[in-house]
Each structure stands twice: as C-alpha cells, then as structure tokens.
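Enquirer: Turn this into a model:
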Amino acid sequence: MRILIIEDNEKNLKLFSVIVKSLGYEILTAMNGEEGVKIAKEESPDLILMDIQMPVMDGISALNMLKTDERTKNIPVIALTSYAMSGDKEKFIGLGFSDYISKPIDKDGFIKTIEDILKGK
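Expert: All right, here's what the predicted structure looks like:
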C-alpha cells in the first residue's frame, strides 16, 4: 500500500515518512497542495496525509480538487494540522476529510488513525 504525505515542514515530513515506512508502507511525498494533487492523480495512493496550512495551495483547497476528480475522489484523506481546538475534528470531517490528526502528533495515535482508515474502520 502507498501513502502520500503532503507536508511543507521538512522536519514533520521526515518524521511522518519514517513512521509510515516503519509500518511497511511505500511513501510518496509532496511539499504543497498543488504538487500533492498532481501526485495523487498520477499515482493513486491508498491514503493521503494532508497538512492544512501550506504555501501554493492549502490542504482544504487540495482536498476539494481531489474530491471533484473521478480518479481521486474515493482516496481517504487525513487532515494533519496544528489546529487543535474543540470541534476542529468535526469541522475537518465535515469538510470531507476521513479523519484528523493534530500536530505535534502522538505517535501511537498517528499510527492507530492510519491503520484504522486503511482497515476501513
């Protein structure tokens, strides 16, 4: 299975990549939403981990582009965000994300969320 990680912070991208690779998944990476949408359309990953605040194109705009394209509309997308206020998870799920992970991440929770989405829970 392949997971696309879209994250503009290099330290976060490296951390997320190491964790995802350690679970046995192949990774694809992008540094902004525009690049991420292009890779998703070309590669059809099994899951996308999407930062919200990014240059060029933010995560919400990128999600909207993915959801309107036949090739990518069914790929689950998890929001990765430093927004961690009460009600944010519901807000992001309401926008069309499959789930939500707040940053800085809790490694065990990060892994559980990815595994749950990939297992269809």
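
Enquirer: which non-adjacent residue is nearest the residue nearest the centre of the chain?
Expert: Taking CA atoms, centre = their mean, the centroid of the chain lies closest to Leu49, which sits 1.4 Å from it. Among residues not flanking Leu49 along the chain, Ile5 sits closest, at 4.7 Å (CB to CB, 6 or more residues apart in numbering). Any C-beta I mention is one placed from the backbone N, CA and C, and that applies to glycine too.

Enquirer: what helix or strand does that neighbour sit in?
Expert: Ile5 belongs to strand 2-6 when elements are defined using DSSP states H and E.

Enquirer: ok but Ile27 is inside a helix, no?
Expert: No - Ile27 is assigned strand when assessed by DSSP: H, G, I helix; E, B strand; the rest coil, not a helix.

Enquirer: three-state assignment of Ser86?
Expert: Ser86 ends up coil, using three-state DSSP.

Enquirer: which SS class is the residue nearest to the centre of the chain?
Expert: Applying three-state DSSP: Leu49 is strand.

Enquirer: The lowest-mean-pLDDT helix or strand in the chain packs against which elements?
Expert: In the chain, no helix or strand scores lower on mean pLDDT, DSSP states H and E than helix 88-94, which sits at a mean of 91. Secondary-structure packing of helix 88-94 (3 or more CB pairs under 8 Å, 6 or more residues apart in numbering; DSSP states H and E): strand 77-81, strand 99-102.

Enquirer: circling back: might you report the residue contacts of the residue nearest to Leu49?
Expert: Leu13, Phe16, Ser17, Val20, Ile27, Leu28, Thr29, Ala30, Ile48, Leu49 (CB atoms under 8 Å, 6 or more residues apart in numbering).

Enquirer: That'll do, ta.
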